[in-house]
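# Any chance you can model this:
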Amino acid sequence: MDRKRWLTMLYREANLFIEHHEEAGATLRPEDLEELEDELDAQLAEVLRTCDHLEDLIKHSVLRAPPQELWQAEEEWQGVLINVATACLRNDVKGVICKILSGELPRVASHTLHD
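Below is the predicted model:
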């Protein structure tokens, strides 16, 4: 996955998350994201299942210091890779959601954003 595809994917997932919450009539605020992290994780699980190279999620991520507990199962490298990629993806999508909600980035219909 190149950087352009990665950015498009982040932007699409962020807009999709916002769309789903606004369909329910709720107004989403950046401070609500912590409470909704389980829902975001469920949405991002599909991205992780379809991602061919988890390393790309880590390579392009703005998260430079994943939490130490993600490295505790060092003998099981695949588990470490999944945990770190998940943390990076969650961090990056949450960042884009916050920028959209604060008006720094425009909202775009998620179905118009393709890889």
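# What helix or strand is Leu89 located in?
In this assignment (DSSP states H and E), Leu89 forms part of helix 77-101.
# So for Arg5, what's the pLDDT?
pLDDT, Arg5: 92.
# what sits against the residue of the chain positioned farthest from its centre?
Ranked by distance from the centre of the chain (C-alpha atoms, centre = their mean), the top residue is Glu75, with 26.2 Å. Neighbour list for Glu75: empty [criterion: C-beta atoms under 8 Å, 6 or more residues apart in numbering]. No exception for glycine: its C-beta is placed from N, CA and C like everyone else's.
# how about low-confidence regions in this protein?
Low-confidence segments of the chain, defined by pLDDT under 70: 73-74, 115.
# For Tyr109, which non-adjacent residue is closest in space?
No, residue 109 isn't Tyr; it's Ala. The spatially closest residue to Ala109, leaving aside those adjacent along the chain, is Asn15, at 7.0 Å (C-beta to C-beta, 6 or more residues apart in numbering).
# Much appreciated, bye for now.
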